[in-house]
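1. the sequence and its predicted three-dimensional model are supplied below.
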Amino acid sequence: MKVRLTNIEIICDVELLDGPLMPTTPIPPVVVVPPVVAPDSPAPVTLALPPGFDRLTSVGFGMLITAMDRAGLTPIGVQGKGPAIIAGLKALYPDLDVYLSPSDAPVWPGHGSIDVTIDSGKGGWSFRVDHVTAWKPAGQR
């Protein structure tokens, strides 16, 4: 339905408006451009092993924090889920030869088994060597 109003006077403040309310020329349609959508899954990012990863706990701690953040894991969320920690580490550092101990702790090259949470996950991440399981090369495990 189309309504056309003509010969209408509208007084707004002190100005007098007189004329058609609808334009006589058609308004061009609005073109909607869809937004550019990023790919669902970005290409996986992997990092090289930094110097000192097998000697310095500070380097190992930094690697752990980076990998857990990238994997979306939290200290409370990983309790009893050692395989998730290992998967998160290997996803970011594929050359890191870390594996799971019988007690569900990561076994880190050069350090052995490590405790990765503080106060059972209530206080955050840690990188404390617990000396329970010694690291062994792949052929000797």
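-> Happy to help now that I have it.

2. how about the secondary structure of A67?
-> Secondary structure assignment for A67 (DSSP: H, G, I helix; E, B strand; the rest coil): helix.

3. which residue sits closest to it in space, ignoring its chain neighbours?
-> Spatial nearest neighbour of A67, excluding adjacent residues (Cβ to Cβ, 6 or more residues apart in numbering): L92 at 4.3 Å. Just so you know, the C-beta spots here come from the backbone N, C-alpha and C atoms, and that holds for glycine as well.

4. doesn't T46 make contact with that neighbour?
-> Yes. At 6.2 Å, L92 counts as touching T46 under the criterion of Cβ atoms under 8 Å.

5. in the protein, which spans are strands?
-> 9-12, 15-18, 99-100, 106-108, 112-118, 124-129 (DSSP state E).

6. hmm, back to that, higher neighbour count, L92 and T46?
-> Legend: neighbour count by other Cβ atoms under 10 Å for L92 and T46, higher for L92 (19 against 11).

7. so where's the chain uncertain?
-> Across the chain, the ranges flagged by pLDDT under 70 are 1-3, 5-28, 30-44, 119-123.

8. cutoff 80 now
-> Applying pLDDT under 80 to the chain picks out residues 1-45, 119-123.

9. so where do the helices sit in it?
-> 57-71, 82-92 (DSSP state H).

10. which residues outside the first one are in contact with it?
-> Meaning helix 57-71. The contact list for helix 57-71 (Cβ atoms under 8 Å, 6 or more residues apart in numbering) reads 45, 47, 50-53, 74, 78, 84-85, 87-89, 91-93, 96, 108, 111, 114, 116, 125-129.

11. that's all I had, so thanks and see you.
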